[in-house]
Structures are given as C-alpha cells and as structure tokens.
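J.: Build me a model:
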Amino acid sequence: MNLNKGDFVEIEFTGRLKGGEVFDSNRKEDLEKLHHGHDHKIEAKPFVFALGRDMFVQGIDEFLVGKGIGEYEVNLTPEKAFGKRLPQLVQMIPSKVFRESKLSPAPGAVFNFDGRVGKILTVSGGRIMVDFNNPLAGKDLVYKVKVKRKVEEINEKIKSFVEFLFRKDFKFEVKDKNLTLHVDKGMGKFVELFKDKFKEVLDLELEVKEIEDKKEVKNKEEKDESKAGA
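T.: Model prediction:
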C-alpha cells in the first residue's frame, strides 16, 4: 500500500539537529530525554495528519507520499524544513516598547510581539536586538519517522484536523457530506473562515454553531424562575 497526497496517517517521529540534540518528538523515550529535569510529566500522544496539506514539516510531507507503512530516516536541508535564516528578521526594537509593557528584556529571553515570537540577542542602552527567525531556521535536520497506519475513519480525521487548526477538541456531527462543529461562544466567525480548508482536506461542507455560555444559561434560567415566582 502506497500513501497518496491527502491520505491521513498516524506516525511516531523524532526530530534532531544533524549530529546533535533532539528538538521535537512524540516518542515516549525521546520526550523524556527532551524534558529531562522538568517537574511536569510530558505525555506522548499519537500524531495524525493529512499528507500534502501543510500539517507537518514540508520535507517529511513530501517524502512520505508514495511510501508505505514502515520506519524511515530522513535528512532535511533548511529549505525543506524551517527555512533559511534571514538577516532581515533580526530587528532593533526600542526599549520603550518593553517598558510600556512592563517587560525586562535580557539576552536569551523570548517574547511574543503581536503574534511574532522573537528571541532577545543583545541589550545595549535603548537598543534591543531581537531575532524573529524560527530557532531551527538554517539548520540541517534528521527525522526518524515510523508510519504506523493509514487512518480511514472519518471521525478520527476530523478530530485531528480540528486539533491542528484550533488546538481545541470541539464536539461535532457528520451527516452525509456535512460537518457541524459546536464551538465556544465568540469563535463562530473565526472558525467559519476555514470552510474552504475543511472542503479541501476532508471534502465536507462546514456548518458552525456556537455553544451558549453555561454561566449565562444558568443566569437566564434563574431570572426566568424568578419572574415565574413573582
């Protein structure tokens, strides 16, 4: 059985710097090495994704098309991994930006700047040099990948795709070619922006319904009971 673009697969993987340390994994033994010394326990979770849908590292995505169930070692250049390191992404941020946010910049510290993650390189007076490159940009990487199975069940595909897009576990129903997602109040319009992606990846028409806030529902019921008893 050869895998095709669009197929969902479950894999185990470990990513290493070429000739160096582990930086990502969903294997229990490698996760323990990666988080050695941390107080919290890291759980190894299955990883399910669709091939050729930008859900994983480009080089691995491309490599697995045409392959079958089995184990592989894949060497990736920066172009097929996290891109080249770009000098223009090293920028000077005025110190007043940090003062206004009550932040104390120090070399090595990482901050989120309006959705862009940057690492402090140097602090010199009012000039703070920040690197917005991905930490793995410009690196040659080695991935060990075990393709465990091809995923066929539609509910498992939906669950993995929803988790990938929203980092949430929304309730859902599927009927024929229609998918109904029950999302948190206030998220409806945002989730609807992905209708085309659900059609492309899962061949399903997306309908979004917002869940009423439990506290608001309770308050409404209490008000109705109070009016009824008046």
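J.: Need the residue closest to the centroid of this structure.
T.: residue 164 (5.3 Å; Cα atoms, centre = their mean).
J.: before we move on, what SS does that residue have?
T.: Secondary structure assignment for residue 164 (DSSP: H, G, I helix; E, B strand; the rest coil): helix.
J.: excluding its backbone neighbours, what's nearest it?
T.: Excluding its sequence neighbours, the residue lying closest to residue 164 (Cβ to Cβ, 6 or more residues apart in numbering) is residue 55, at 5.4 Å. Just so you know, the C-beta spots here come from the backbone N, C-alpha and C atoms, and that holds for glycine as well.
J.: Outline the domain layout of the chain.
T.: Domain ranges of the chain: 1-83+139-151, 87-131, 153-230, per automatic domain parsing.
J.: and those domains, which is most packed in?
T.: domain 1-83+139-151 (a mean of 15; mean count of other Cβ atoms under 10 Å).
J.: quick check: mean pLDDT across that domain?
T.: What domain 1-83+139-151 shows for mean pLDDT is 92.
J.: Report the contact partners of the nearest residue to residue 94 once chain neighbours are set aside.
T.: Leaving aside its sequence neighbours, residue 94 sits nearest to residue 126 (Cβ to Cβ, 6+ apart; 6.1 Å). With contact set as Cβ atoms under 8 Å, 6 or more residues apart in numbering, residue 126 has these partners: 94, 95, 96.
J.: Tell me which entries of the residues you listed lie within strands.
T.: residue 94 (DSSP state E).
J.: which residues does residue 151 bridge with?
T.: residue 8 (DSSP bridges).
J.: cool, and residue 123?
T.: Beta-bridge partners of residue 123, as defined by DSSP bridges: residue 128.
J.: you'd agree it is up against residue 108?
T.: No. Using Cβ atoms under 8 Å, residue 123 makes no contact with residue 108, being 10.4 Å away.
J.: Distance-wise, check residue 172 relative to residue 147.
T.: 26 Å (Cβ to Cβ, to the nearest Å).
J.: got it, and residue 63?
T.: 11 Å.
J.: Give me the common contacts of these two.
T.: residue 72.
J.: which stretches of this protein form strands?
T.: So, for the chain - with DSSP E - the strands run 8-17, 22-25, 47-50, 70-76, 90-94, 110-113, 116-124, 127-131, 141-151, 171-175, 178-183, 205-210.
J.: what residues are up against the nearest residue to residue 103 once chain neighbours are set aside?
T.: Leaving aside its sequence neighbours, residue 103 sits nearest to residue 111 (Cβ to Cβ, 6+ apart; 6.5 Å). Residue 111 sits next to 103, 105, 117, 118, 120, 130 when contact means Cβ under 8 Å, 6+ apart.
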